[in-house]
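Asks: Got a sequence here, can you build the structure:
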Amino acid sequence: MTKLKKILLGSLIVTLSSQLYIDILVSDFRVSCAIIALGLFLFLNRDISPITLGIAVGFSTYLWRIAIYFLKYGINNQIIGAYIPEIFFFVFYGILFTWIIRKRNYLNLNVFFFITAICDFTSNVLEILIRIIYYNHTFYFNIITSLLMVALIRSGAIWIIATIIKYYKMLLLKTEHEKRYRKLLWLTMILKSEMYWMDKNMDKIEEVMANAYRLFEEIRDRKNPDSWSNNSVKIASDVHEIKKEYELMLRGVRGITETQYRDNGMYFKDIMDILEEKMEKEIKFKEIDICLSFQRGSDFYTDKHYQLMSIFRNLIMNAFDALDSNKKYSKISLIHHNLESQHLFKVIDNGKGINKKDLECIFSPGFSTKINYDTGEINRGLGLSLVKDIVENHLKGHIDIESTLGAGTCFNIYIPNEEIEVSI
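Replies: The predicted structure follows:
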């Protein structure tokens, strides 16, 4: 669902909820239960702008109240002005909410309770002051106590409902994970049986390699020329048999992954949650000091979850190796942006950076800049090559890289919406 649709839906829900209210002391001042709906909607949809939603809700609620009054009593110019302060309530609520959470991407429910209470109370104070000035009423301090109580009660209701929703979603997610775990366990058992044949074929490959080298020595030394043709045919036949066995195994593995472990997809948020958890464990295992940051755009459902996970995991693992141990502060960020017709994913590190001459070859199979000069071990150099292949050939997107020596590297992955978004 797009942000515009979410805002329209939120406006409708909050506007309908505004019909539940309590009159307090001042003429036409209504404490609306719509704030409970507004708070819940903001908690469950953190990708939308609270200010935009506040403006939309303010005007939609105003028009709704005018329409209801008109249908009941007819046109009244005083009523048209009397409902205007409520617009200020919702707009100010959105502004204050945005200002408080500007440095908080993810809020726990306890913090959210206090934020909604502050926004509710402050916005109500502003609205009642506008009404007092508009109607020239006397200000009563006991109104403040009433507004504070109402704010705490409504925020408490938000906290309770959000907690129920949170634990219900956790229960559903746990059930889904258990299903996937059972499928994965069965898949692993079958794959291990296939690995047995792969291990068995390793001995056969070693035998073929030995025969090939023996034939090479005979040809080099001009020994037993009469047996050369038979030996070469024997080697070719053995290689052909190995190839057939691997084709059968590959067909079996594909059948397992494409049918027996078929799942329709998952939400991007869940992909990021799983990836973040696994990468945090990798950081602990490697005993390295890294700040890992994930910034998500709007959520979407995808059936390309394995490809996306492979892309991000490879790039982040690559970034681990690129970090400069001499730097006091190391950071890796995965940032997601929803563009008009495509998704942009950025994997950024503040590591060593890459030489300009190496940038041209960075996606070539086998190319690597990671050599351990103490052990002679070299990275296979397949990670970035596979990433490029998945992005360009499987997801019809493109990938580019920006890097500065000593400052860090940024991989930009662009993937069209239609390639990774599916409706459910």
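Asks: give me phi/psi at Cys410?
Replies: With angles defined as degrees, to the nearest 10, Cys410 sits at phi -130, psi 120.
Asks: Count residues in the vicinity of Glu360, would you?
Replies: 10 (other CB atoms under 10 Å). Using the backbone N, CA and C atoms, a C-beta is placed for each residue, glycine as well.
Asks: quick one: it and Leu292, what's the gap?
Replies: 29 Å (CB to CB, to the nearest Å).
Asks: do the same with Leu275
Replies: 10 Å.
Asks: Are there residues contacting both of those two? Which ones?
Replies: By CB atoms under 8 Å, 6 or more residues apart in numbering, Leu275 and Leu292 have these common neighbours: Ile316.
Asks: burial of Phe411, as a residue count?
Replies: Neighbour number of Phe411 under other CB under 10 Å is 26.
Asks: That one looks like it's in a strand, true?
Replies: Yes - counting by DSSP: H, G, I helix; E, B strand; the rest coil, Phe411 is found in a strand.
Asks: number of nearby residues for the closest residue to it other than its chain neighbours?
Replies: Nearest in space to Phe411, with sequence neighbours left out and distances taken as CB to CB, 6 or more residues apart in numbering, is Val347 at 4.5 Å. Residues lying near Val347 (other CB under 10 Å) number 23.
Asks: Checking Val347 next. Helix, strand or coil?
Replies: Val347 ends up strand, using three-state DSSP.
Asks: partner residues bridging it?
Replies: Leu334, Phe411 (DSSP bridges).
Asks: Surely it touches Arg313?
Replies: No - look at Val347 against Arg313 with CB atoms under 8 Å: they stay out of range, at 10.3 Å.
Asks: what bits of the stretch 201-350 of the chain have low per-residue confidence?
Replies: 252, 254-264 (pLDDT under 70).
Asks: And the strands in it, which stretches?
Replies: Assigned by DSSP state E, counting those that start in this stretch, the stretch 201-350 of the chain shows strands spanning 266-267, 291-295, 301-302, 331-338, 342-349.
Asks: go on, the stretch 51-200 of the chain?
Replies: According to DSSP E, counting those that start in this stretch, the stretch 51-200 of the chain contains no strands.
Asks: quick one, helices of it?
Replies: 77-82, 84-100, 109-135, 142-221 (DSSP state H, counting those that start in this stretch).
Asks: any idea how far Ile118 is from the residue nearest to Glu280 when sequence neighbours are not counted?
Replies: Nearest non-adjacent residue to Glu280, counting by CB to CB, 6+ apart: Leu292, 6.4 Å away. To Ile118, Leu292 is 31 Å away according to CB to CB.
Asks: Which one of these two is surrounded by more residues?
Replies: Leu292 (18 against 15).
Asks: what's near enough to touch that one?
Replies: Leu292 is in contact with 276, 279-280, 283, 316, 331-333, counting by CB under 8 Å, 6+ apart.
Asks: TSV for those, including neighbour count and distance to Arg102?
Replies: Shown next, in TSV, are the contacts of Leu292 (neighbours: other CB atoms under 10 Å; distance: CB to CB, whole Å):
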residue	neighbour count	distance to Arg102
Glu276	16	22
Met279	21	26
Glu280	12	25
Ile283	17	28
Ile316	23	27
Lys331	16	20
Ile332	25	23
Ser333	18	18
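Asks: Kindly export stretch 160-176 (C-alpha atoms) in PDB.
Replies: Output of stretch 160-176 as PDB, limited to C-alpha atoms (Å, rounded to 0.1, in the frame of the first residue of the first chain):
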ATOM      1  CA  ILE A 160      -3.000  -1.700  25.800                       C
ATOM      2  CA  ILE A 161      -4.300  -2.100  22.200                       C
ATOM      3  CA  ALA A 162      -0.800  -1.800  20.700                       C
ATOM      4  CA  THR A 163       0.500  -4.400  23.100                       C
ATOM      5  CA  ILE A 164      -2.200  -6.800  22.200                       C
ATOM      6  CA  ILE A 165      -1.500  -6.300  18.500                       C
ATOM      7  CA  LYS A 166       2.200  -6.700  19.000                       C
ATOM      8  CA  TYR A 167       1.900 -10.000  20.900                       C
ATOM      9  CA  TYR A 168      -0.600 -11.300  18.400                       C
ATOM     10  CA  LYS A 169       1.700 -10.500  15.500                       C
ATOM     11  CA  MET A 170       4.600 -12.100  17.400                       C
ATOM     12  CA  LEU A 171       2.400 -15.300  17.900                       C
ATOM     13  CA  LEU A 172       1.600 -15.400  14.200                       C
ATOM     14  CA  LEU A 173       5.300 -14.800  13.300                       C
ATOM     15  CA  LYS A 174       6.400 -17.600  15.700                       C
ATOM     16  CA  THR A 175       3.900 -20.000  14.100                       C
ATOM     17  CA  GLU A 176       5.200 -19.100  10.600                       C
END
